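*Asks:* Generate coordinates for the sequence data below:
(one chain, ligands or ions: 1)
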Amino acid sequence: MSGHRLVLWFRNDLRLTDNAIVHQAAQLIQKKQASEVVPLYCFDPRQYIATPWGNPKTGAHHASFLLQSVLDLKQRLRDIGSDLVIHMGKPEEAIQGLCREGQQLTVLAQMEVTKEELDVDEGVRAALGSRGRLQLLWGNTLYHKDDLPFRSDMSELPDVFTPFKQKVEARCEVRAPLPAPKEGALPLAADLDPARLSRKPSCVEDLNAVVPEGAPRLASLPRHPNAAIAFEGGETAALRRLKHYLWDTGCISTYFDTRNGMLGADYSTKFSPWLARGCISPSTIFHEARAFLTLAAAEIVKRYEEQHGSNKSTYWVIFELTWRDFFRYFTIKHGSAIFYKHGVTGQPRQWVNDLELFRRWRDGRTGMPLVDANMREMKATGFMSNRGRQNVASYLTLDLGLDWRKREETGAKATDVLQGADWFESALVDYDVCSNWGNWVAAAGLTGGRINHFNITKQSKDYDEKGDYIRTWVPELAKVPAPSLFEPWRLSREDQAKFGVQIGVDYPEPPKSRYTSNGSFGGGSGSRGGGGRGRGNGSFGRGGGRNSRHGGDKKQKPRSDFERYG
Ligand SMILES: Cc1cc2nc3c(=O)[nH]c(=O)nc-3n(C[C@H](O)[C@H](O)[C@H](O)COP(=O)(O)OP(=O)(O)OC[C@H]3O[C@@H](n4cnc5c(N)ncnc54)[C@H](O)[C@@H]3O)c2cc1C
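*Replies:* Down below sits the predicted model:
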């Protein structure tokens, strides 16, 4: 099959190591089943439209990280004697332009699972017609889809996490990472126009070339001084972060104890933006973590174990990556139901339509300091901790009762839709369709799993005991001591004067809710949204609940070790 051309269509797999399509291409070339390669990335205008509320579908934090990732991939391909064509337009058009008379084309791409992406696949197939084929390969999960003990349509997948985790841990192995291609492994198509190869966007503003008319323009954002970490896109930076978190600092050894933090660079791994864009694979992290445990870090682990009894921490990072898998497979099972009003349970629920209240939540002006701090952090930096995400989602859906969706099932005007998940999609640097919408539908209590209705005040006390996180992002309350800081609407006039803040003027009063003595939203002591299990005492509070930090699940018994990986 000499003369066979391969198009390596990169999407959310912007890396060379442990990349199924890269590996497949290198093998086909080696076996002389293909002769040339065109690595391709497309900035697809459909990803840059305005959301129903006028937000950019791909916000500036995400766009900037993505651009850096694409440019890093290009450089890494050049380092092995190949290159990357960067196309400013739809993949269908780019791929059609790569077809040559009398030459068969195979387009290799990573398999996606949600409707928008599947529709693009269809478009590419149609553009190829009889001149070639689209071959989709699985990637980007910890456990390979083909290794799961469920049917491939995931109809047997449990709807809650724990049985999923137990089954995959008992029956599957994490595959070893595929090697990165060697120099010369991906020979470029000889007729590739050098001008086409040299064309590349160099700053976020250049991406405006694909922003459709009427959609918000993108603009570079300077790094916020309070940002926990300067996220830099690309495989190179991802591997650096992995090295930092494991080998340089040993932070992974204390992850179990620090993972519910909100302030600082290292309380959690911060791997999510790189995982979301596929700059690193979960399997690479897994095998590096195992090496960390068994080899050079034996000393650190021993020290840790002496202090803490056992090392749960390294396992716990892998545990979190299993959650990431769960939402991906959950999406295969339930399809677009994760976007729908009644979620996957189909349970009817009355949602509140209040644009002003939604804006207060979005902009960090609810009057609930923990919620506001988190929402401000995300807007300014693109990142929010998992603890924060759980709380703000619970507050929006279960306390304010505001609609969390992006789309109505049918026919509704876009402007009828209020959207928490959609704002996250726009604002997050680590936006990942399955992790985001899956977590949101779980937070809204619409998966059939346990509903985690957080008590925001208790969560503030438990996870921001001294108020340092809140003060970082809500300077209006800088002088208010904890615990008054967590319920500033209760401050007397004298205390407000003493602490230099006037509630209702400098900092808002919260909307009427179960937290405030002046209101009855949610019935005071009652609960909205499916029984409110965990309500009142904060379902992830210190003590037993700390072992689980996710929605839709029973409390976890902590694993005592990492033995199954050793
Ligand atoms: C409402 C809501 C929306 C979310 N949206 C996203 C999103 O768009 N993209 C995204 O990557 N994560 C999302 N998450 C999951 C989680 O909050 C982030 O992955 C995590 O906070 C990222 O920080 P980290 O990399 O330091 O995580 P760590 O605590 O270090 O965890 C390691 C990795 O495990 C995975 N992980 C951890 N928790 C979860 C989880 N609950 N669900 C799925 N994967 C998880 C992530 O890949 C993460 O990088 C969302 C959670 C909630 C509650």
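*Asks:* so how far is the ligand from Gly364?
*Replies:* Distance, Gly364 to the ligand, using CB to the nearest ligand atom, to the nearest Å: 16 Å. C-beta coordinates here come from the backbone N, C-alpha and C atoms, glycine included.
*Asks:* how near is that residue to Asp354?
*Replies:* 17 Å (CB to CB, to the nearest Å).
*Asks:* repeat for Gly500
*Replies:* Distance from Gly500 to Asp354, by CB to CB: 31 Å.
*Asks:* Looking at those two, which is more packed in?
*Replies:* Taking neighbours as other CB atoms under 10 Å, Gly500 and Asp354 compare with Asp354 leading, 16 against 12.
*Asks:* Contact residues of the stretch 251-400 of the chain facing the ligand?
*Replies:* Contact residues (CB under 6 Å from any ligand atom) of the stretch 251-400 of the chain with the ligand: 259, 268-272, 275-276, 317, 320-321, 323-324, 327, 385-386, 389-390, 393.
*Asks:* The same query, at a cut-off of 5 Å, please.
*Replies:* Residues of the stretch 251-400 of the chain lying near the ligand by CB under 5 Å from any ligand atom: 268-272, 275-276, 320-321, 323-324, 386, 389-390, 393.
*Asks:* Got the phi and psi for the closest residue in space to Gly382 that isn't next to it in sequence?
*Replies:* Spatial nearest neighbour of Gly382, excluding adjacent residues (CB to CB, 6 or more residues apart in numbering): His61 at 2.8 Å. Dihedral pair for His61: phi -60, psi -50, per degrees, to the nearest 10.
*Asks:* Look through the protein and report the residue furthest from the middle.
*Replies:* For the chain, the residue at maximal distance from the C-alpha centroid (CA atoms, centre = their mean) is Glu494, at 43.9 Å.
*Asks:* Name the residues of the helix or strand hosting that residue that come out as buried.
*Replies:* Assessed by DSSP states H and E, Glu494 sits inside helix 493-498. Neighbour-count burial for helix 493-498 flags Gln496 (criterion: 16 or more other CB atoms under 10 Å).
*Asks:* circling back to that earlier point, take the residues of the stretch 251-400 of the chain next to the ligand and keep only those in helices.
*Replies:* Among those, the members found in helices (DSSP state H) are 272, 275-276, 320-321, 323-324, 386, 389-390, 393.
*Asks:* mind showing which ranges of the chain have poor pLDDT?
*Replies:* Applying pLDDT under 70 to the chain flags residues 1-2, 295-310, 404-418, 513-566.
*Asks:* Near the ligand, which residues of it are found?
*Replies:* 268-272, 275-276, 320-321, 323-324, 386, 389-390, 393, 430-432, 435-436, 439-440, 550.
*Asks:* do that again at 6 Å, thanks
*Replies:* 259, 268-272, 275-276, 317, 320-321, 323-324, 327, 385-386, 389-390, 393, 424, 428, 430-432, 435-436, 439-440, 443, 550.
*Asks:* still on that earlier bit, contacts for the helix holding Glu494?
*Replies:* Defining contact as CB atoms under 8 Å, 6 or more residues apart in numbering, one finds that helix 493-498 is touched by 484, 502-503.
*Asks:* quick one, helices of the stretch 1-150 of the chain?
*Replies:* 20-30, 60-79, 91-97, 115-128 (DSSP state H, counting those that start in this stretch).
*Asks:* got the contact list for the third one?
*Replies:* This points to helix 91-97. 7, 9, 40, 42, 44, 85, 87, 105, 107, 120, 123-124, 126-128.
*Asks:* what's the most distant pair in these?
*Replies:* By the measure CB to CB, Val85 and Ala126 form the most distant pair in the contacts of helix 91-97, at 20.8 Å.
*Asks:* Same drill for those two, tell me which one is more crowded.
*Replies:* Val85 (23 against 11).
*Asks:* list the contacts for that one?
*Replies:* Contacts of Val85 (CB under 8 Å, 6+ apart): 38-41, 94, 192, 196-197.
*Asks:* Just name the closest of these to Glu232, please.
*Replies:* Once CB to CB is applied, the member of those that ends up nearest Glu232 is Tyr41, at 17.7 Å.
*Asks:* dump the residue contacts of the closest one.
*Replies:* 9-10, 14, 70, 73, 84-87.
*Asks:* Repeat that for Gly184.
*Replies:* Taking CB under 8 Å, 6+ apart as the contact definition, Gly184 lies against 80-81.
*Asks:* where along the stretch 351-500 of the chain do the helices fall?
*Replies:* Counting by DSSP H, counting those that start in this stretch, the helices of the stretch 351-500 of the chain are 355-363, 369-381, 386-394, 420-427, 433-443, 456-463, 468-473, 493-498.
*Asks:* quick one: which of the ones you listed is nearest Ser152?
*Replies:* Of these, nearest to Ser152 by CB to CB is helix 433-443, at 16.7 Å.
*Asks:* Can you name every helix or strand that that closest one contacts?
*Replies:* Under the contact criterion of 3 or more CB pairs under 8 Å, 6 or more residues apart in numbering; DSSP states H and E, helix 433-443 touches helix 313-334, helix 386-394, helix 420-427.
*Asks:* If you compare the directions of the shortest one and helix 433-443, what angle comes out?
*Replies:* Compare the direction of helix 420-427 with that of helix 433-443 by axes from the mean of the first three to the mean of the last three CA atoms, to 10 degrees and you get 150 degrees.
*Asks:* now helix 420-427 against helix 60-79, angle please.
*Replies:* Using the same axes, to 10 degrees: helix 420-427 against helix 60-79 is 50 degrees.
*Asks:* any residues touching helix 420-427, and which ones?
*Replies:* So helix 420-427 is contacted by 51-53, 55-59, 61-62, 358, 361-362, 378-379, 382, 389, 392-393, 396-397, 402-406, 431, 433, 436-437, 440 (CB under 8 Å, 6+ apart).
*Asks:* Likewise for stretch 207-217?
*Replies:* Contacts of stretch 207-217 (CB under 8 Å, 6+ apart): 43-45, 48-50, 54-57, 63, 67, 88-89, 201, 218.
*Asks:* Contacts only, for Glu465.
*Replies:* Per CB under 8 Å, 6+ apart, neighbours of Glu465: Ala482.
*Asks:* Got the phi and psi for it?
*Replies:* phi -50, psi -50.
*Asks:* Can you tell me which of the contacts of Tyr41 is nearest the ligand?
*Replies:* Leu14 (14.8 Å; CB to the nearest ligand atom).
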